[in-house]
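Visitor: Got a sequence here, can you build the structure:
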Amino acid sequence: MITLFSASAITGTTTQNNRFHWKIARANFRFTLPNSKSLKVCSLTAATCRPTSPLSIASLARDLSASTTTITRYLQVLEALYIIFTVRPWHKNITRSLLKAPKVYFYDSAMVRGDDGLRFENLVATHLLKWTHYQRDVLGKELDLHYIRTKDQAEVDFSLIESGQISLLIECKLSDSKIHAALERFAGEHPQAKAIQLVRNLRQEIHHPQLTVEPAAPWLGRLI
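Guide: Residues are numbered from 1 along each chain as shown. Have a look, this model is predicted:
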C-alpha cells in the first residue's frame with residue numbers, strides 16, 4: 001500500500017490523521033468543483049492522463065475544451081485527493097527542472113488506461129514513491145524521485161536523487177532484456193549511481209559492467 005501522508009508532517013493516530021486530511025481534500029474538491037460539468041471535466045482530466053509521457057497541459061486543455069488554468073486547477077484537486085502524483089524531470093538547476101513537463105502517475109494502477117507496459121511503469125512508480133517517502137521520513141535522507149530526459153530525447157524512466165546527486169537509475173521493460181541505450185549512457189556518465197533495468201518477465205538476472213538487468217517482482221519485493 002502506498003504511503004498517502006508524509007510521516008514528518010502529521011501527528012496523532014493514523015485514523016485521526018487520515019480523517020483530517022480527507023476533510024481538507026473534500027473541502028478543496030467541493031469549493032473547486034461546484035457543479036456537475038466541473039466534475040465531468042475533472043473526471044475526464046484524470047482519465048486522459050497517461051503515465052510514461054510528459055504531461056502537456058496545453059494539449060490536455062485542447063482535448064477537453066477547457067482552459068489551461070482550469071486543467072491546472074483540476075490536476076491540483078486530483079493530487080489533493082491522492083488520485084495522482086507527479087514525477088518531475090531532474091536537472092542540476094532546480095528551476096529549470098520545474099519548468100519542464102512532469103509525468104503523471106496514479107496511486108492505484110488499476111486506473112491506468114492503456115497497455116501492460118503503462119500499468120507496469122505505473123506500478124514501479126508507486127513502489128519507488130513509497131520507498132522514497134520512507135527514506136526521507138524515517139531515515140532522514142534527502143531523497144527525491146525524478147525522471148531523466150535530455151534535449152536529444154534520451155530518457156530513463158526513473159532516477160533517485162540523493163543530496164543533489166543521482167544515486168539510482170531505473171528503466172522499466174515488460175520482457176525486453178536488451179540493454180536500454182539511454183540507461184547505459186547515463187550509467188556511464190554517472191558512475192556513482194546504481195543502474196537497473198527492471199523487466200517484468202525475466203527468468204534470471206543479467207549482469208553487465210555498468211548495470212544489471214533484474215526481474216521486477218523480487219527487486220520490488222525487497223523495497224519497503
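
Visitor: would you list every one of the strands in this structure?
Guide: With strands called from DSSP state E, the chain shows them at 84-89, 103-106, 143-149, 155-162, 165-173, 194-199, 206-207, 212-215.

Visitor: Quick one: mean pLDDT over the fourth one.
Guide: It refers to strand 155-162. Averaged across strand 155-162, the pLDDT comes to 94.

Visitor: just the angle between that strand and strand 165-173, please?
Guide: Here strand 155-162 runs at an angle of 150 degrees relative to strand 165-173 (axes from the mean of the first three to the mean of the last three CA atoms, to 10 degrees).

Visitor: buried residues in stretch 78-96?
Guide: Within stretch 78-96, the residues scored as buried using 16 or more other CB atoms under 10 Å are 78-85, 87-91. C-betas here are computed from N, CA, C, even on glycine.

Visitor: Could you do stretch 167-175 as well?
Guide: In stretch 167-175, counting by 16+ other CB under 10 Å, buried: 168-173.

Visitor: the bottom helix or strand of this structure by mean pLDDT?
Guide: One helix or strand of the chain scores below all others by mean pLDDT, DSSP states H and E: helix 14-32, with a mean of 48.

Visitor: on that earlier part again, nearest approach to Asp116 belongs to which of the strands of the chain?
Guide: Closest to Asp116 of these, according to CB to CB: strand 165-173, at 11.0 Å.

Visitor: for the strands of the chain, which one ends up most surrounded?
Guide: Of all the strands of the chain, strand 103-106 carries the top mean neighbour count, a mean of 25, counting by mean count of other CB atoms under 10 Å.

Visitor: and that one, how far out from the chain's middle?
Guide: 5 Å (CA atoms, centre = their mean, to the nearest Å).

Visitor: Please work out which residues outside it touch it.
Guide: Strand 103-106 is contacted from outside by 49-55, 75, 83-88, 112, 121-122, 125-126, 129, 147, using CB atoms under 8 Å, 6 or more residues apart in numbering.

Visitor: which helices and strands does the longest helix out of those in the chain pack with?
Guide: In the chain, with assignment by DSSP state H, the single longest helix is helix 116-137. In terms of contacts (3 or more CB pairs under 8 Å, 6 or more residues apart in numbering; DSSP states H and E), helix 116-137 is packed against strand 84-89, strand 103-106, strand 143-149, strand 155-162, strand 165-173, helix 216-221.

Visitor: I'd like the distance between Leu143 and Leu129.
Guide: Distance, Leu143 to Leu129, using CB to CB, to the nearest Å: 11 Å.

Visitor: do the same with Gly140
Guide: Applying CB to CB to Gly140 and Leu129 gives a distance of 18 Å.

Visitor: Those two: which has the busier surroundings?
Guide: Neighbour comparison, Gly140 and Leu129: the larger count goes to Leu129, with 18 against 9 (by other CB atoms under 10 Å).

Visitor: What confidence value was assigned to the more buried one?
Guide: 96.

Visitor: who's the residue most central in space within the chain bridged to?
Guide: Taking CA atoms, centre = their mean, the centroid of the chain lies closest to Val87, which sits 4.2 Å from it. As for beta bridges, Val87 partners with Lys103 under DSSP bridges.

Visitor: Contacts only, for it.
Guide: Val87 touches 102-103, 105, 125, 145-147, 158, counting by CB under 8 Å, 6+ apart.
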